[in-house]
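Engineer: Provided below for reference: sequence and predicted model.
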Protein chains: 2
Amino acid sequence: MEQSFLAYLRGRCRSLPQVTVGIGDDAAVIEPVVGQQIACVDQIIDGVDFLSESHSLGDVGYKAMAINLSDVAAMGAVPTSALVTLALPKKNATRIAGDVYEGIFQAATEFEVAIAGGDISTYDGPLAISVTLLGHVPAGGAWLRSGAGVDEAILVTGAVGGSIAGRHLRPVPRVKLAAQLRQLVTVTSAIDISDGLSLDLDRLLAKSDVGTELRIDSIPIHDDAIELSKTSGRTPFQHAWSDGEDFELILTMSQSDADKVLAEDLGVAITQIGKTTSRTGLWKLENGRHERLSPQGYVHGS
Amino acid sequence: MEQSFLAYLRGRCRSLPQVTVGIGDDAAVIEPVVGQQIACVDQIIDGVDFLSESHSLGDVGYKAMAINLSDVAAMGAVPTSALVTLALPKKNATRIAGDVYEGIFQAATEFEVAIAGGDISTYDGPLAISVTLLGHVPAGGAWLRSGAGVDEAILVTGAVGGSIAGRHLRPVPRVKLAAQLRQLVTVTSAIDISDGLSLDLDRLLAKSDVGTELRIDSIPIHDDAIELSKTSGRTPFQHAWSDGEDFELILTMSQSDADKVLAEDLGVAITQIGKTTSRTGLWKLENGRHERLSPQGYVHGS
């Protein structure tokens, strides 16, 4: 099926100025970037990251793009082009590929990303989608996990917890918000929440060699977490603390920059959940006493 | 396994100047290129492109890199960095990943490619490896399939046929040769032979809207094709004409440039197999009569 499907894809792919030669040659030819280039890859597999029996394949294709767009946003970068690998079960391969690509095209259109290339195989296995996303940042301006200093504000975008109720398939990668923040302030470090607020926060802090004093009550709990807690036997807070696939951003910056962000309406809720400290680890301050918290989360495919 | 294995990979990855931030953040930070950027992705899957029961996993890892390096060579480009996705069977996942990465590291070292990022999942399925390779060419200088004109020489590197005897696992991507040719002459079009000499030649000619008059007897037949013909019931020529995975290059250039190339010793045999014509299709001239040839080859994963 590959040749005819690739011909179909060539017809469907929008021309964007960043890609000079797209699908149909030995490789894509992409225009050089100003600044530095960003590249990441993430795959999702049926039975591990989604269930083709209950999820729409368009949603699945969208998710494959969105999780990578979220990584690019977490670098404070602008996405430009994507390469897509599909491993398809032999049965109904062409229909499945077509359905998945509907979601991929939708995300590509929304975020002005060119589909620069791809590969398609059929095999005796479940649907697997791997997306490589390319983008760019101003030179030296990538938001690394290692950049947080002491006494900085820790912010989180949106609200977290309970994404499994359905939100995880159609996350909103914070690409636009990242660009707005870059205009407004200096973000010192960032990570996206894929494995859970506390686990990803712990990773960022460890990379920056700092700790945090959290304002536990200020953590923005998503309505999905509250709804889920009615049947899950866990509290809304526990969902917010450890559920994965929120695809929100955790950001650090100076307190004065944080105050600037918190005073603006950027179209997405942004909440300060604490500040960084020289004492490493996650801590909360309650009744004048420090209590250590343990990071918990979902580690994918482990 | 992902976190601990990624930590192991970080330790094993060589630092190269083209990648500023490699494995371990949300995305890699890569230095901008001079000219244009090249990107391609190709996956290989157990049971489709190799057999883990009979092939060494180091060879398999090497192949996953080499087939992409061959695509980059076919653009006349210099490879710089790679992103690797592994989908691993749950049983022995860490050992398999380690063995595959030995071959990946070997190819990366040989071709000065930085491993910039990756993703690893375990699942109920066969080993699948997807590699995205990034590189660069001088602006406007990519060797496209569409660039051949009429009355140009058609050259092929190395010798073809019979790669299934083992060569397909350890191909020699013509990266160095491509750089030498770029110094010496103007290549007007190129493709690498993945699906068979005649099929890939036909694709290149179709993209360039030209045909060819082939000197059938001059096609360089690999010793593996001769050996294989003793048991396959096919002639050495048939193997050379239609076997896949040679990963040699088909190139077009002016006859005077071809004469220059043929007079040089570039360390790899290069053979002229015909010239392009305005009459489309593959033809041979025998006893003053034109006979049409049909392209044959192996279409992967179809």
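Structural biologist: Ah, there it is. Residues are numbered from 1 along each chain as shown, chains lettered A, B, ... in the order given.
Engineer: I'd like the distance between A:Thr132 and chain B.
Structural biologist: A:Thr132 is 4 Å from chain B, where distance means Cβ to the nearest Cβ, to the nearest Å. (Glycine included, C-beta is placed from N, CA and C.)
Engineer: just checking, that residue is part of a strand?
Structural biologist: Yes. Counting by DSSP: H, G, I helix; E, B strand; the rest coil, one finds A:Thr132 located in a strand.
Engineer: tally of neighbours for it?
Structural biologist: 30 (other Cβ atoms under 10 Å in any protein chain shown).
Engineer: thought it was touching A:Ser81?
Structural biologist: No. Contact criterion Cβ atoms under 8 Å: A:Thr132 and A:Ser81 do not qualify, at 9.0 Å.
Engineer: common neighbours of the two, please.
Structural biologist: Jointly contacting A:Thr132 and A:Ser81 under the rule Cβ atoms under 8 Å, 6 or more residues apart in numbering or on different chains are B:Ala39.
Engineer: so is the strand ranked longest in chain A next to chain B?
Structural biologist: Secondary structure assigned by DSSP state E gives strand A:78-89 as the longest strand of chain A. Yes. Judged by Cβ under 8 Å from any Cβ of the partner chain, strand A:78-89 and chain B are in contact via A:Ser81, A:Leu83, A:Val84, A:Thr85, A:Ala87.
Engineer: paired strands for that strand, with orientation please.
Structural biologist: Applying DSSP bridges, strand A:78-89 is found paired with strand A:114-123 (parallel), strand A:128-137 (antiparallel).
Engineer: now tell me which helix or strand of chain A has the poorest mean pLDDT.
Structural biologist: The helix or strand with the lowest mean pLDDT-type score in chain A, counting by mean pLDDT, DSSP states H and E, is helix A:2-12 (a mean of 82).
Engineer: sheet partners, orientation included, of the helix or strand just after that one?
Structural biologist: Per DSSP states H and E, helix A:2-12 leads on to strand A:19-21 as the next helix or strand towards the C-terminus. Sheet pairing for strand A:19-21, assigned by DSSP bridges, gives strand A:28-30 (antiparallel).
Engineer: neighbouring contacts of the partner strand?
Structural biologist: Here strand A:28-30 makes contact (Cβ under 8 Å, 6+ apart) with A:18-22, A:80-81, A:83, A:116-117, A:134, B:36-40, B:75, B:137, B:142, B:144.
Engineer: buried ones among the residues you listed?
Structural biologist: Buried subset of the contacts of strand A:28-30 (neighbour count, 16 or more other Cβ atoms under 10 Å in any protein chain shown): A:18-22, A:80-81, A:83, A:116-117, A:134, B:36-40, B:75, B:137, B:142, B:144.
Engineer: quick one, strands of chain A?
Structural biologist: For chain A, the strands defined by DSSP E occupy A:19-21, A:28-30, A:36-45, A:78-89, A:114-123, A:128-137, A:153-157, A:189-192, A:211-214, A:249-253, A:270-277, A:281-286, A:289-293.
Engineer: tell me which residues in the last one are buried?
Structural biologist: Of the residues in strand A:289-293, those scored as buried under the neighbour-count criterion (16+ other Cβ under 10 Å) are A:Leu293.
Engineer: next, the angle strand A:270-277 makes with it.
Structural biologist: 100 degrees (axes from the mean of the first three to the mean of the last three Cα atoms, to 10 degrees).
Engineer: quick one: strands adjacent to strand A:289-293?
Structural biologist: strand A:281-286 (antiparallel).
Engineer: quick one: mean pLDDT for the strand it pairs with?
Structural biologist: Regarding strand A:281-286, the rounded mean pLDDT is 88.
Engineer: got the CA positions of that strand in PDB?
Structural biologist: What follows is strand A:281-286, C-alpha atoms only, in PDB (Å, rounded to 0.1, in the frame of the first residue of the first chain):
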ATOM      1  CA  GLY A 281      13.100  17.700  47.400                       C
ATOM      2  CA  LEU A 282       9.400  18.400  47.500                       C
ATOM      3  CA  TRP A 283       8.200  20.000  50.800                       C
ATOM      4  CA  LYS A 284       5.100  21.600  52.100                       C
ATOM      5  CA  LEU A 285       5.000  24.100  54.900                       C
ATOM      6  CA  GLU A 286       2.000  23.500  57.300                       C
END
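Engineer: for it, buried residues please.
Structural biologist: A:Gly281, A:Leu282, A:Trp283, A:Lys284.
Engineer: what of stretch A:50-59?
Structural biologist: For stretch A:50-59, burial by neighbour count (16+ other Cβ under 10 Å) applies to A:Phe50, A:Ser52, A:His55, A:Ser56, A:Leu57, A:Gly58, A:Asp59.
Engineer: and the gap between the fifth one and chain B?
Structural biologist: If I follow you right, that is A:Leu57. Distance from A:Leu57 to chain B, by Cβ to the nearest Cβ: 18 Å.
Engineer: surely that residue meets A:Ala97?
Structural biologist: No. Look at A:Leu57 against A:Ala97 with Cβ under 8 Å: they stay out of range, at 9.1 Å.
Engineer: would you map the helices across the stretch 151-300 of chain A?
Structural biologist: Under the criterion DSSP state H, counting those that start in this stretch, the stretch 151-300 of chain A contains helices at A:175-184, A:197-208, A:223-232, A:236-242, A:255-263.
Engineer: next, the angle strand A:270-277 makes with the second one.
Structural biologist: Looking back up the chat, that one is helix A:197-208. Inter-element angle recorded for helix A:197-208 and strand A:270-277: 40 degrees (by the same axes, to 10 degrees).
Engineer: shaky segments in chain A?
Structural biologist: Residues of chain A that meet the criterion pLDDT under 70 lie in A:1, A:298-302.
Engineer: residue contacts, the residue nearest the centre of it?
Structural biologist: Closest to where the C-alpha atoms of chain A average out (Cα atoms, centre = their mean) is A:Ser70, at 2.6 Å. Counting by Cβ under 8 Å, 6+ apart, A:Ser70 touches A:Pro171, A:Pro173, A:Arg174, A:Asp192, A:Ser194, A:Phe247.
Engineer: ok, the last one touching A:Val172?
Structural biologist: Okay, so that is A:Phe247. Yes. Here A:Phe247 reaches A:Val172: they are 7.3 Å apart, a contact under Cβ under 8 Å.
Engineer: which one of those two is surrounded by more residues?
Structural biologist: A:Phe247 (27 against 18).
Engineer: not counting its neighbours along the chain, what's nearest the more buried one?
Structural biologist: Spatial nearest neighbour of A:Phe247, excluding adjacent residues (Cβ to Cβ, 6 or more residues apart in numbering or on different chains): A:Pro171 at 3.7 Å.
Engineer: tell me how far the one you found lies from B:Met253.
Structural biologist: 49 Å (Cβ to Cβ, to the nearest Å).
Engineer: so between those two, which is more surrounded?
Structural biologist: B:Met253 (27 against 22).
Engineer: any idea how far chain A is from that one?
Structural biologist: B:Met253 is 17 Å from chain A, where distance means Cβ to the nearest Cβ.
Engineer: contacts only, for that residue.
Structural biologist: By Cβ under 8 Å, 6+ apart, the contact set of B:Met253 is B:Glu152, B:Ala153, B:Leu155, B:Val185, B:Thr186, B:Val187, B:Thr188, B:Val261.
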